[in-house]
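Participant: Quick one: sequence plus predicted model below, questions after.
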Number of protein chains: 2
Amino acid sequence: MVRLRIRDIAEQAGVSPATVSRYLNNQPGQMSEDTRARIAEVIERTGYRPRTAARNLRQDRSNLVGVVLADVSNPYSSAMLEALSACAAERGLSLITSFSGGDPVIEAASVARLVDMGVDGLVVNTCGDNDEALASTAARIPMVLLDREVAGAPADLVTSNNRELVRLLVDEMLKASCERVFMLTERGDESSPRRIRTQAFVRELQRRNVAGEVVSLGDGSCAQAQMDGLLRAAAGRRLGVIAVNGAVFLRLVDAIAQIGPSLPAGLRVATFDDYPWNHVLFGGVTTAAQDTGRIARAVLDRLARRVDEAARASVPPARAERVEVEVPGTVVVRSSTYA
Amino acid sequence: MVRLRIRDIAEQAGVSPATVSRYLNNQPGQMSEDTRARIAEVIERTGYRPRTAARNLRQDRSNLVGVVLADVSNPYSSAMLEALSACAAERGLSLITSFSGGDPVIEAASVARLVDMGVDGLVVNTCGDNDEALASTAARIPMVLLDREVAGAPADLVTSNNRELVRLLVDEMLKASCERVFMLTERGDESSPRRIRTQAFVRELQRRNVAGEVVSLGDGSCAQAQMDGLLRAAAGRRLGVIAVNGAVFLRLVDAIAQIGPSLPAGLRVATFDDYPWNHVLFGGVTTAAQDTGRIARAVLDRLARRVDEAARASVPPARAERVEVEVPGTVVVRSSTYA
DNA sequence: TTGTACGCGTTATCAG
DNA sequence: CTGATAACGCGTACAA
């Protein structure tokens, strides 16, 4: 049960290995219909498959893309991963995945391991605090950043149109005639989407002259007190709360659950990231959903382009231009913001 | 900026490539402390890393494990993936991931692609209806099945102790003095965990002489009617409902939400798979949680063993014994089953 | 303890 | 349109 080599196929088809190789790679040099058919028959009959390791060595290319995600417990990440996987398969790429769990040390180790494995490029959703390592890696092999930017890294960036989504969520709150609108975030998270969303939120409030602010949750009982204060405020006038991401929203839901089973009268809530439970909580939660399919396509488009460029020119251009892509998401309106 | 080869390191250290290779692979043949130090210095200084593609070709081994998951929108799958990833990294393995989305055709294509990529082994959480393809693949390369078994496949199987978990959930329902207990499942899902759980459930009811049955949901309005019936029944006497998995539980929650914001009086619910929202729904849902860390370890233990065996003996044993491992999970009791 | 020489399977180049 | 040949970079007998 030794594995077939290209030479075996060549012998059985009565041609040379080079010809079989051309057949396999659809080389421009056309071959006679006769030999083509003979080779096809032998391959079909034997079930021959070329050996990837040998191709990789020869071509200096693995068709492998490394993916490093910060937090898969976040369903948005899993959806993203699935979309990337499907999109990669379409292009004949495979994904080597790794998860940092929010630890920069693990993230750096993951990146190093993936590079060692010979990936053609990297997709990184960084957990932060790794700028130097990522920048130096990006200088050596193609890298596309997902959602979160990295200072000084010569890598492309793909995100959702966060500013626009914030605007749409604020729209919903105002349609629901909220008198004050808050955005809920948390201390630990200094990622770029968070920053962009909160900044955009503040600008929206100013632009429309609406009362409200960004509330940054601390830890433990302090945070509980903050949220209690926020929720009690709802008793009087109509109040809107937008969670800056899914993790924060879960904390918000938890706090609301302490008070009662349903949304307090006068409180409207909305969040980012369309998790399954958003459909059922409070009869449905208004959500800014990111388009994972289009994001995945944009990510792999950029990466494939970079990989091709790198393959063509052995010396990477000194002034690599960084491309930033914003993929439009959509706001799904559900009963948590109905007037 | 050409990449360094082992030969370059050898020259700089004033030794032969073979010696550097031995250094890299910690060959038993000891080398003089002097040359060892010189090689170490050069490698450290140059940042040399051996080329994986060349090693793979030479050693006929990739240190790559293919992972095929049926449904990553299921948070249990993501947790499993993360655990596998961490565990694999510890062993110097990397994961190539693929997702079938419940489609047997995609699953078969994924498996084929991963095998082509040269993975050393496969971890498969099958979506079903692929027994022949999986069995023939398992006959060629090491495979470990996750949760769901495949008829006729010479592969090991790792699952949770579903029967025990069912027993514990029924225990909780009885502690909550439920007079009747139901297990909710759905038509489409004929997977082995579902079958094992429902069978165990029926046995438990008989053993304890408790009233109840397995309710298999159909589609759409029919299912809604079934659930309405179930929920109305709760009005009278105390009733327990156990969802056979997370997907079914989401349907149950949806139906309950149609009626009101909180759990109807007299109704107790519990489910499998510890999703984030189980902590907040109804003030906390009692859950049979699977131990993803231990499962991952068991999976990769088995796989590594098989891979080593296969590497040693070029001819696989005709009578391969299939090993089945049951990893104990735990029941997390929350207020949805408090008396 | 170390070095030499060969082969892993494929593809690119060049000659025909 | 096809064939011969030389790499790709590494690991490992075997020889020294």
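Facilitator: Received the coordinates, thanks. Residues are numbered from 1 along each chain as shown, chains lettered A, B, ... in the order given.
Participant: Which residue ranges of chain A form strands?
Facilitator: Under the criterion DSSP state E, strands of chain A are mapped to A:64-69, A:94-99, A:121-124, A:143-146, A:156-160, A:180-186, A:211-217, A:239-243, A:267-272, A:286-289, A:324-327, A:330-332.
Participant: Please tell me how far residue A:111 sits from residue A:150.
Facilitator: 11 Å (Cβ to Cβ, to the nearest Å). All C-beta atoms are positioned from the backbone trio N, CA, C, and that covers glycine.
Participant: how about the strands of chain A in JSON lines, adding distance to residue B:309, mean pLDDT and mean neighbour count?
Facilitator: Below are the strands of chain A laid out as JSON lines (distance: least, Cβ to Cβ, whole Å; pLDDT from 0 to 100; neighbours: other Cβ atoms under 10 Å in any protein chain shown):
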{"stretch": "strand A:64-69", "distance to residue B:309": "26", "mean pLDDT": "98", "mean neighbour count": "26"}
{"stretch": "strand A:94-99", "distance to residue B:309": "25", "mean pLDDT": "98", "mean neighbour count": "26"}
{"stretch": "strand A:121-124", "distance to residue B:309": "34", "mean pLDDT": "98", "mean neighbour count": "27"}
{"stretch": "strand A:143-146", "distance to residue B:309": "38", "mean pLDDT": "98", "mean neighbour count": "25"}
{"stretch": "strand A:156-160", "distance to residue B:309": "43", "mean pLDDT": "98", "mean neighbour count": "23"}
{"stretch": "strand A:180-186", "distance to residue B:309": "49", "mean pLDDT": "95", "mean neighbour count": "23"}
{"stretch": "strand A:211-217", "distance to residue B:309": "52", "mean pLDDT": "93", "mean neighbour count": "18"}
{"stretch": "strand A:239-243", "distance to residue B:309": "51", "mean pLDDT": "95", "mean neighbour count": "27"}
{"stretch": "strand A:267-272", "distance to residue B:309": "48", "mean pLDDT": "95", "mean neighbour count": "26"}
{"stretch": "strand A:286-289", "distance to residue B:309": "47", "mean pLDDT": "97", "mean neighbour count": "24"}
{"stretch": "strand A:324-327", "distance to residue B:309": "47", "mean pLDDT": "98", "mean neighbour count": "15"}
{"stretch": "strand A:330-332", "distance to residue B:309": "51", "mean pLDDT": "96", "mean neighbour count": "17"}
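Participant: among these, which is nearest residue A:173?
Facilitator: strand A:239-243 (3.5 Å; Cβ to Cβ).
Participant: Let me see the contact set for residue A:55.
Facilitator: residue A:61 (Cβ atoms under 8 Å, 6 or more residues apart in numbering or on different chains).
Participant: ok, how many other residues are close to residue A:84?
Facilitator: The number of residues packed near residue A:84 is 28, by other Cβ atoms under 10 Å in any protein chain shown.
Participant: pretty sure it is touching residue A:93, no?
Facilitator: No - between residue A:84 and residue A:93 there is no contact under Cβ atoms under 8 Å: 9.4 Å.
Participant: Quickly list what's touching both of those two.
Facilitator: residue A:300.
Participant: What score does whichever residue of the stretch 51-200 of chain A sits closest to DNA strand D have for pLDDT?
Facilitator: When scored by Cβ to the nearest atom of the strand, the stretch 51-200 of chain A has residue A:58 as its residue closest to DNA strand D, at 3.7 Å. Residue A:58 carries a pLDDT value of 97.
Participant: tally of neighbours for it?
Facilitator: Residue A:58 has 11 neighbours, counted by other Cβ under 10 Å.
Participant: would you list the strands of chain A in CSV and tack on distance to residue B:37?
Facilitator: Shown next, in CSV, are the strands of chain A (distance: least, Cβ to Cβ, whole Å):
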stretch, distance to residue B:37
strand A:64-69, 33
strand A:94-99, 33
strand A:121-124, 34
strand A:143-146, 35
strand A:156-160, 42
strand A:180-186, 50
strand A:211-217, 53
strand A:239-243, 56
strand A:267-272, 54
strand A:286-289, 58
strand A:324-327, 47
strand A:330-332, 61
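Participant: Turn the ones you listed into JSON lines, columns for distance to chain B.
Facilitator: Putting the strands of chain A into JSON lines (distance: least, Cβ to the nearest Cβ, whole Å) gives the following:
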{"stretch": "strand A:64-69", "distance to chain B": "8"}
{"stretch": "strand A:94-99", "distance to chain B": "5"}
{"stretch": "strand A:121-124", "distance to chain B": "13"}
{"stretch": "strand A:143-146", "distance to chain B": "16"}
{"stretch": "strand A:156-160", "distance to chain B": "19"}
{"stretch": "strand A:180-186", "distance to chain B": "15"}
{"stretch": "strand A:211-217", "distance to chain B": "16"}
{"stretch": "strand A:239-243", "distance to chain B": "13"}
{"stretch": "strand A:267-272", "distance to chain B": "13"}
{"stretch": "strand A:286-289", "distance to chain B": "14"}
{"stretch": "strand A:324-327", "distance to chain B": "20"}
{"stretch": "strand A:330-332", "distance to chain B": "16"}
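Participant: of all the ones you listed, which lies closest to residue B:139?
Facilitator: Across those, closest to residue B:139 is strand A:94-99 (Cβ to Cβ), at 22.7 Å.
Participant: got the angle for the closest one vs strand A:64-69?
Facilitator: On the basis of axes from the mean of the first three to the mean of the last three Cα atoms, to 10 degrees, strand A:94-99 is oriented at 20 degrees to strand A:64-69.
Participant: Can you tell me, leaving aside adjacent residues, what's nearest to residue A:274?
Facilitator: residue A:289 (3.9 Å; Cβ to Cβ, 6 or more residues apart in numbering or on different chains).
Participant: What of residue A:76?
Facilitator: In space, not counting the residues next to it along the chain, residue A:76 is nearest to residue A:273; the distance is 4.4 Å by Cβ to Cβ, 6+ apart.
Participant: nearest to residue B:136, of the strands of chain A?
Facilitator: strand A:94-99 (21.0 Å).
Participant: on contacts alone, who are the packing partners of the closest one?
Facilitator: Packing partners of strand A:94-99 (3 or more Cβ pairs under 8 Å, 6 or more residues apart in numbering or on different chains; DSSP states H and E): strand A:64-69, helix A:75-90, helix A:104-116, helix B:75-90, strand B:94-99.
Participant: Just put these in JSON lines and tack on distance to DNA strand D.
Facilitator: Shown next, in JSON lines, are the helices and strands packed on strand A:94-99 (distance: least, Cβ to the nearest atom of the strand, whole Å):
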{"stretch": "strand A:64-69", "distance to DNA strand D": "16"}
{"stretch": "helix A:75-90", "distance to DNA strand D": "25"}
{"stretch": "helix A:104-116", "distance to DNA strand D": "11"}
{"stretch": "helix B:75-90", "distance to DNA strand D": "20"}
{"stretch": "strand B:94-99", "distance to DNA strand D": "16"}
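Participant: Nearest to residue B:327, out of the ones you listed?
Facilitator: Closest to residue B:327 of those is helix B:75-90 (Cβ to Cβ; 11.1 Å).
Participant: any idea of the angle the closest one forms with helix A:104-116?
Facilitator: Here the directions of helix B:75-90 and helix A:104-116 differ by 70 degrees (the same axes, to 10 degrees).
Participant: related to what we said a few turns ago, would you mind saying which of the helices and strands packed on strand A:94-99 lies nearest residue A:185?
Facilitator: Of all the helices and strands packed on strand A:94-99, it is helix A:75-90 that lies closest to residue A:185, at 16.3 Å by Cβ to Cβ.
Participant: Packing partners of the closest one?
Facilitator: Taking 3+ Cβ pairs under 8 Å, 6+ apart as the contact cut, helix A:75-90 packs with strand A:64-69, strand A:94-99, helix A:292-312, helix B:75-90, strand B:94-99, helix B:104-116.
Participant: Residue A:208 is nearest to which of the ones you listed?
Facilitator: Between residue A:208 and these, the shortest separation by Cβ to Cβ is 28.8 Å, and it involves helix A:292-312.
Participant: Now that closest one: average pLDDT?
Facilitator: 96.
Participant: Quickly list what's touching both of residue A:111 and residue A:150.
Facilitator: Contacts common to residue A:111 and residue A:150, judged by Cβ under 8 Å, 6+ apart, are A:124, A:134.
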